[in-house]
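> what shape does this take:
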Amino acid sequence: MDSDPAPLLSTRAIMALQSIDPATLSEVQAFREDFARFIMPYKFGIDEISTKVSILREEFAELQDYNPIEHISSRLKSAESIEQKVIRKNCEPSFEAIRAAITDIAGVRIVCSFVSDVYRVFELLTAQEDVHVLQVKDYIAHPKPNGYKSLHVIVEVPVFLSGGPVAVPVEVQLRTVAMDFWASLEHKIYYKYDGEVPEALLRDLTAAAGTAGQLDITMEDIHRQVRGDGGAAQYALPVSV
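Residues are numbered from 1 along each chain as shown. Coordinates of the predicted model:
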């Protein structure tokens, strides 16, 4: 005979819940429901952008001779991450204030083969009528002091809910494979050292960023030679941005 399934909560947890007065429990439940309503449009905003990029990727794969999009990923900030950012930004702890002050709750990352592809995909995405560009930070043309490179774009897309359309900001990060590898390594190192990274390791990271940047330049030149484009690579954001 099969044994009884293990309880979802420990006895201690059950006793703790039973000791909470009904008013407090009701308040916690109400907050959970309010947070779910608050975060849901951001999830749908991610779906909107991811779908648009997936369509472009599939079109390139099926109808073009070259696909500039390597892969797509996304993330939705947790309640804890949002709380930490509220504290850092000294933001009023209300959903309305958070909605106005924090624009990277929803995030989509697009990894491209070459630097020129980053700008090409950016142009194709932001040229769509229902994609409104709020902010552009070009860390490729102007890298951060530690060598970080990426194109950060805050766009706003409409999400159609039962109560009507809602404009949702989504942070889109576009970068090359080399940039993405470096950024992933940096994140792991900062996590391991809890932000207190040894100076020698920071110097190595910065040097690695330079190596990754040179790799992008070399691979771009090889790519242009193979395609017969000729000339030096030129990158620039559209004048309208």
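> what are the ranges of the strands in the chain?
Using DSSP state E, the strands found in the chain span residues 69-76, 106-112, 132-138, 151-161, 164-176.
> mind listing residues that contact the fourth one?
Meaning strand 151-161. Residues from elsewhere that reach strand 151-161 (Cβ atoms under 8 Å, 6 or more residues apart in numbering): 41, 44-45, 48-49, 103-104, 118-119, 122, 125-126, 130-140, 165-175. In this view, the C-beta of every residue, glycine as well, is placed from N, C-alpha and C.
> the inter-axis angle of it versus strand 164-176?
160 degrees (axes from the mean of the first three to the mean of the last three Cα atoms, to 10 degrees).
> and strand 151-161, which strands flank it?
Using DSSP bridges, the strands paired with strand 151-161 in its sheet are strand 132-138 (antiparallel), strand 164-176 (antiparallel).
> and of those, who's closest to residue 34?
Residue 34 lies closest, by Cβ to Cβ, to one member of those: strand 164-176, at 15.4 Å.
> okay, buried residues for that closest one please.
Neighbour-count burial for strand 164-176 flags 168, 169, 170, 171, 172, 173, 174, 175, 176 (criterion: 16 or more other Cβ atoms under 10 Å).
> what does stretch 186-206 give?
Those would be 186, 197, 202, 205, 206, for stretch 186-206 by 16+ other Cβ under 10 Å.
> now the terminal residues of stretch 103-121, how far apart.
From the first residue to the last, stretch 103-121 extends over 21 Å; the measure is Cα to Cα, to the nearest Å.
> and that stretch, how far out from the chain middle?
Relative to the centre of its chain, stretch 103-121 is centred 9 Å away, using Cα atoms, centre = their mean, to the nearest Å.
> report the rounded mean pLDDT for that stretch.
The average pLDDT for stretch 103-121 rounds to 96.
> cool, stretch 196-204 as well?
Rounded to a whole number, the mean pLDDT of stretch 196-204 is 90.
> what does stretch 38-51 give?
97.
> cool, and stretch 172-180?
On average, stretch 172-180 scores 97.
> against residue 190, how distant is the residue nearest the centre of the chain?
By Cα atoms, centre = their mean, the mean C-alpha position of the chain lies nearest to residue 107, the distance being 3.1 Å. Here the criterion is Cβ to Cβ, to the nearest Å. By it, residue 107 lies 18 Å from residue 190.
> I'm done for today, thanks for sticking with me.
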